[in-house]
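Trainee: No sequence on hand, only this structure:
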């Protein structure tokens, strides 16, 4: 569903006139802001299938720092594979990396571990890998990458639309103070019902992630 479609779904339920553009007035822009607020809340409520993608990093010899291009600072790494060596890479803490880089003798070889290392100049998440690559390796980062804010009317929402629509309505109803019918509390209850149902449907696509084991 496009940004403009979502906006008009929200406006109709608030008994407002539909919009032809997402920047037509100050009020329309505010509706768009609340839709993006609702989108972010929904995105962060679950590891949605629609937000899963693979970022491929190609290493270079003697370089252990790489950016997950396009990931911004709101990304979750699910798993990492050294595709060249056909093995999974494990997470290690920054202290572990400091020890291997600065305390112990640094070694070079095929990367086996990773950790986070802030953001690059473009605002994308950076990672360190260890051992420091001794050549070219292809590393596959399977990530949950949240969508950038919707700005154009033709921008398409990736996560389920109904929770976003009804949560935006609830946020707008709270801001306005009345809707002439349904209370703000009821709108939030409706939005949470849509969200929980959407999470249950999406979770069924990844049943292995719902299995918890005692360690």
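Mentor: Sure, I can see it. These numbers were taken from a predicted model, which means no experiment stands behind them.
Trainee: Could you use CA atoms for every contact and neighbour count after this?
Mentor: Fine.
Trainee: does residue 157 really touch residue 5, like I thought?
Mentor: No: assessed by CA atoms under 8 Å, residue 157 is found out of contact with residue 5, at 9.9 Å.
Trainee: Stretch 100-116: which residues count as buried?
Mentor: For stretch 100-116, burial by neighbour count (16 or more other CA atoms under 10 Å) applies to 110, 111, 112, 113, 114, 115, 116.
Trainee: Repeat that for stretch 181-201.
Mentor: Neighbour counts using 16+ other CA under 10 Å place 184, 187, 188, 191, 192, 194, 195, 198, 199 of stretch 181-201 among the buried residues.
Trainee: Other residues contacting that stretch?
Mentor: Outside stretch 181-201, the residues within contact range by CA atoms under 8 Å, 6 or more residues apart in numbering are 42, 46, 48, 160, 162-167, 169-171, 173-174, 177-178.
Trainee: Which strands or helices does whichever strand or helix holds residue 168 pack on?
Mentor: Following DSSP states H and E, one finds residue 168 within helix 161-176. Here helix 161-176 touches helix 3-13, helix 26-43, helix 184-203, going by 3 or more CA pairs under 8 Å, 6 or more residues apart in numbering; DSSP states H and E.
Trainee: What lies in contact with stretch 36-56?
Mentor: Residues outside stretch 36-56 that contact it (CA under 8 Å, 6+ apart) are 68-69, 138-147, 149-150, 158-159, 163-165, 167-168, 171, 195, 199, 202, 205.
Trainee: Neighbours of residue 11, how many?
Mentor: Residue 11 sits with 19 neighbouring residues when counted by other CA atoms under 10 Å.
Trainee: Correct me if wrong: residue 2 contacts residue 158.
Mentor: No: using CA under 8 Å as the test, residue 2 is too far from residue 158 to be in contact (9.4 Å).
Trainee: dump the residue contacts of the residue most central in space within the chain.
Mentor: Geometric centre of the chain, nearest residue: residue 146, 2.2 Å, by CA atoms, centre = their mean. Counting by CA under 8 Å, 6+ apart, residue 146 makes contact with 43, 51, 71, 74, 75.
Trainee: can you rerun that using 7 Å?
Mentor: Applying CA atoms under 7 Å, 6 or more residues apart in numbering to residue 146 gives the contacts 43, 51, 74, 75.
Trainee: For it, grab phi and psi.
Mentor: Backbone torsions of residue 146, given as degrees, to the nearest 10, read phi -70, psi 150.
Trainee: Centre of the chain to the helix holding residue 168, how far?
Mentor: Computed by CA atoms, centre = their mean, to the nearest Å, the separation of helix 161-176 from the middle of its chain amounts to 20 Å.
Trainee: Can you list the neighbours in contact with that helix?
Mentor: Among residues not part of helix 161-176, those counted as contacts by CA under 7 Å, 6+ apart are 1, 6, 9-10, 34-35, 38-39, 42, 179, 184, 187-188, 190-191, 194-195.
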